[in-house]
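Participant: Predicted structure and sequence below. I'll ask about it afterward.
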Amino acid sequence: MSQREYHIVVLGSGGVGKSCLTAQFVQNVWIESYDPTIEDSYRKAIDVDGRHVMLEILDTAGTEQFTAMRELYMKTGQGFLLVFSITSQSSFYELAELREQIRRIKEDDNVPMVLIGNKSDLEDDRAIPRPRAFAISREWNIPYFETSARRRANVDEAFVDLCRQIIMKDQANRRRVQPDPRPGPRGGGRKHPRKHRSRPKCTIL
Ligand SMILES: Nc1nc2c(ncn2[C@@H]2O[C@H](COP(=O)(O)OP(=O)(O)OP(=O)(O)O)[C@@H](O)[C@H]2O)c(=O)[nH]1
């Protein structure tokens, strides 16, 4: 079977840890320094439930000056990681608008997404209580993961969950456009009804 390629976009305010999460997932490295991103893309092959897929991961700019690129990558992205920092209230509230923008641009209410509260190692500085984040994730009908890029906690789990959602959506779309090749009422394989058999049926004893 050919390898499928899926486009993932990592979104969220500046400094929430998008680059660090991406670097941990793709390269298994931790980056201590903060260097605001303009836009970086990475490729990683992974196996999800026995399926070999290639991911194209776009690490986007959190700072306002680069938001002009948003519309384009929202169109091409098939799945989105919505990242905030558990230590920053504003980064949490800013995600609502990003989510709305994605749904509007894609004209789809069921876009694969995952909500991520990053920097879970900074529990003492927590500004968003866990139940608050879970409540939003339930309202948006998407899963919530608390991650720490620093400790590499829950990073793979969040990316893999998103991949699963994308694969399921892709399969559902394919089923919709490709008619079932099997004959009979479910399939579109046979144009004309089978002719009546004149020969008697054979019975195996
Ligand atoms: N303690 C802690 N620090 C983190 C974590 N993830 C990222 N950081 C730090 O937060 C700062 C910003 O991380 P980045 O990954 O560059 O943030 P970003 O969201 O890509 O920022 P922009 O490129 O501006 O959008 C860096 O100094 C990181 O070391 C984490 O899980 N825990």
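Facilitator: Here it is on my side, so go on.

Participant: quick one, what contacts residue 26?
Facilitator: Residues near residue 26 by CB atoms under 8 Å, 6 or more residues apart in numbering: 42, 44, 57. In short, each C-beta sits where N, CA and C put it, glycine included.

Participant: any idea which of those residues is closest to residue 74?
Facilitator: residue 57 (14.9 Å; CB to CB).

Participant: tell me the secondary structure for the closest one?
Facilitator: Secondary structure for residue 57, judged by DSSP: H, G, I helix; E, B strand; the rest coil, is strand.

Participant: Could you measure from it over to residue 92?
Facilitator: Per CB to CB, to the nearest Å, residue 57 is found 22 Å from residue 92.

Participant: one step back: adding neighbour count and pLDDT, write the contacts of residue 26 out as TSV.
Facilitator: Formatted as TSV, the contacts of residue 26 follow (neighbours: other CB atoms under 10 Å; pLDDT from 0 to 100):
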residue	neighbour count	pLDDT
42	16	96
44	15	97
57	22	98
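
Participant: Would you mind naming what in the protein lies close to the ligand?
Facilitator: 12, 14-20, 31-32, 34, 36-37, 61-63, 118-119, 121-122, 148-150 (CB under 6 Å from any ligand atom).

Participant: Just the ones in helices from those residues, please.
Facilitator: When the residues of the chain next to the ligand are checked against helices (DSSP state H), the matches are 18-20.

Participant: hmm, back to that, for my notes, please list the contacts of residue 26 in JSON lines and give distance to residue 132 for each entry.
Facilitator: As requested, the contacts of residue 26 are exported to JSON lines (distance: CB to CB, whole Å):
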{"residue": "42", "distance to residue 132": "31"}
{"residue": "44", "distance to residue 132": "32"}
{"residue": "57", "distance to residue 132": "28"}
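
Participant: Out of those residues, which is nearest to residue 114?
Facilitator: Nearest member of the contacts of residue 26 to residue 114, counting by CB to CB, is residue 57, at 12.9 Å.

Participant: Test my guess that that closest one contacts residue 10.
Facilitator: Yes - contact between residue 57 and residue 10 holds when scored by CB atoms under 8 Å: they sit 6.6 Å apart.

Participant: Just name the shakiest helix or strand of the protein by mean pLDDT.
Facilitator: Using mean pLDDT, DSSP states H and E, helix 70-76 stands out as the lowest-scoring helix or strand of the chain, at a mean of 91.

Participant: Assign the closest residue in space to residue 48 that isn't next to it in sequence to helix, strand or coil.
Facilitator: Nearest non-adjacent residue to residue 48, counting by CB to CB, 6 or more residues apart in numbering: residue 163, 4.8 Å away. Under three-state DSSP, residue 163 falls in the helix class.

Participant: can you check the one 3 residues further on too?
Facilitator: Using three-state DSSP as the criterion, the local structure at residue 166 reads helix.

Participant: Just to check, it is in contact with residue 80?
Facilitator: No - using CB under 8 Å, residue 166 is not in contact with residue 80; the gap is 9.9 Å.
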